[in-house]
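S.K.: Kindly generate the corresponding structure for this input.
(4 chains)
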Protein chains: 2
Amino acid sequence: MRFQKTTEYAIRVMVFLADHMDERYSANQLHQTLQIPYKYLGRLMQKLSNAGLVEVTQGKQGGYRIIQDLSNIYLSEIVNVVEGLADYGRCVLGFPQCSDENPCSLHKIWKERQESITKMIYDTTLADLQSNGSKKY
Amino acid sequence: MRFQKTTEYAIRVMVFLADHMDERYSANQLHQTLQIPYKYLGRLMQKLSNAGLVEVTQGKQGGYRIIQDLSNIYLSEIVNVVEGLADYGRCVLGFPQCSDENPCSLHKIWKERQESITKMIYDTTLADLQSNGSKKY
DNA sequence: TCTATATTCTACTCAGAGGTAGAAATAAGA
DNA sequence: TCTTATTTCTACCTCTGAGTAGAATATAGA
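M.R.: This next block holds a predicted model:
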């Protein structure tokens, strides 16, 4: 029960770029700084740019940066780009129908926890993550 | 961020058998009752029996049942058989070292949630799940 | 002993995650 | 225009999760 590794990479990259708002970073620079496999990172950056989360410059001085307002970029958007958000709205045991009125065995102990996790990813912005002062990317 | 599908199967089977303590069920019966792929279920039952979570009878009237005290079988043991428990003690972004003193970007918003999930699987027994009266397996 | 039914074991397939490699396209600067 | 560095695109690989198929082994009951 974890984010996909690629999602971890994506979050780390976005937080790093959020902390360096005025700078453009090439995939190679990001690779070296964050220890993310270069070619794989390139593909990930394409996904993030296709989704509008980063601005990309092609060519000789190319690279990626964030231009959006950090408080408008939510964790859920990053998670969605990589793995989708289906896991956050589904029954923990996979039943198509599961509710307070028709619960699966784990519903009672899982419901609040799921809501808490879901709230975390939908409510947290890059601005929030920036403000915690972490320098670990 | 979900249990593996096989873990879902395992939990469902164990809860079903917990609710039918006096009966032995063959893999075929479980397959038909719970809509879990037959051959795959057989392999899962082997794992559960190798781990001591179910008692197995071979041969003509063979099958599986739980003989342990339900309040001694924890959700974590079931999760451990299938996917291991590594996810529950690690940094959400995968850093080898992540703590209150040296946190990753998500540490602050993830720590309590992780503890809550971890507590859920380590503290919940089949007896607890039985008592919620669910009949959805 | 034989038959039938069950578990156990082994091997295979496909899809997706994570990753590598190479070619093509883009753009700055000389 | 050419060179260089970058992004973009395409194809390949390995491993694991999920699942199927078949054979071997174990056991009850006739």
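S.K.: Any part of the helix or strand harbouring A:Leu129 near chain B?
M.R.: Assigning secondary structure by DSSP states H and E places A:Leu129 in helix A:126-130. Yes. Helix A:126-130 is in contact with chain B by C-beta under 8 Å from any C-beta of the partner chain, via A:128-129. (Each C-beta comes from the backbone N, C-alpha and C, glycine too.)
S.K.: can you check stretch A:26-38 too?
M.R.: No. Using C-beta under 8 Å from any C-beta, we find that stretch A:26-38 stays clear of chain B, coming within 10.5 Å at best.
S.K.: List the buried residues of that stretch.
M.R.: A:27, A:30-31, A:36 (16 or more other C-beta atoms under 10 Å in any protein chain shown).
S.K.: Name the nearest of the residues you listed relative to B:Ser76.
M.R.: A:Ile36 (31.7 Å; C-beta to C-beta).
S.K.: which bits of chain A sit near DNA strand C?
M.R.: Chain A comes close to DNA strand C at residues A:4-7, A:9, A:37-40, A:43, A:57-62, A:82-83, as judged by C-beta under 7 Å from any atom of the strand.
S.K.: how far away is A:Lys111 from A:Asp123?
M.R.: Here the criterion is C-beta to C-beta, to the nearest Å. By it, A:Lys111 lies 18 Å from A:Asp123.
S.K.: Compare the two and say which is more crowded by neighbours.
M.R.: The neighbour count for A:Lys111 versus A:Asp123, taken as other C-beta atoms under 10 Å in any protein chain shown, is higher for A:Lys111 (16 against 12).
S.K.: got the contact list for the host helix or strand of the more buried one?
M.R.: Element membership of A:Lys111, judged by DSSP H and E, is helix A:107-123. In this structure, residues lying in contact with helix A:107-123 by C-beta atoms under 8 Å, 6 or more residues apart in numbering or on different chains are A:74-76, A:79, A:85, A:88-89, A:91-92, A:98-100, B:1, B:109-110, B:113, B:116-117, B:120, B:124, B:128-129, B:132, B:134.
S.K.: Would you mark the buried spots in that helix?
M.R.: In helix A:107-123, the ones that count as buried by 16+ other C-beta under 10 Å are A:107-111, A:113-114, A:117-118, A:120-121.
S.K.: sorry, back to before: from the contacts of helix A:107-123, list the buried ones, please.
M.R.: Buried among these (16+ other C-beta under 10 Å): A:74-76, A:79, A:88, A:91-92, A:98, B:1, B:109-110, B:113, B:117, B:120, B:124, B:128-129, B:134.
S.K.: What is the end-to-end distance of stretch A:29-43?
M.R.: End-to-end distance of stretch A:29-43 (C-alpha to C-alpha, to the nearest Å): 15 Å.
S.K.: which residues sit against that stretch?
M.R.: A:6, A:9, A:12-13, A:16, A:25, A:27-28, A:44-45, A:63-64, A:137.
S.K.: what is the mean pLDDT for that stretch?
M.R.: The pLDDT scores in stretch A:29-43 average 96.
S.K.: mind checking which helix or strand the closest residue to A:Lys5 other than its chain neighbours is in?
M.R.: Closest residue in space to A:Lys5, ignoring its immediate chain neighbours: B:Gly94 at 6.8 Å, by C-beta to C-beta, 6 or more residues apart in numbering or on different chains. Assigned by DSSP H and E, B:Gly94 falls within no helix or strand.
S.K.: Compute the distance between B:Gly94 and DNA strand D, please.
M.R.: Distance from B:Gly94 to DNA strand D, counting by C-beta to the nearest atom of the strand, to the nearest Å: 16 Å.
S.K.: Could you count how many residues lie near that residue?
M.R.: For B:Gly94, the tally of surrounding residues (other C-beta under 10 Å) stands at 16.
S.K.: And the helix holding A:Leu129, what does it pack against?
M.R.: Secondary-structure packing of helix A:126-130 (3 or more C-beta pairs under 8 Å, 6 or more residues apart in numbering or on different chains; DSSP states H and E): helix A:5-18.
S.K.: Which positions within the helix it packs on qualify as buried?
M.R.: Neighbour-count burial for helix A:5-18 flags A:6-18 (criterion: 16+ other C-beta under 10 Å).
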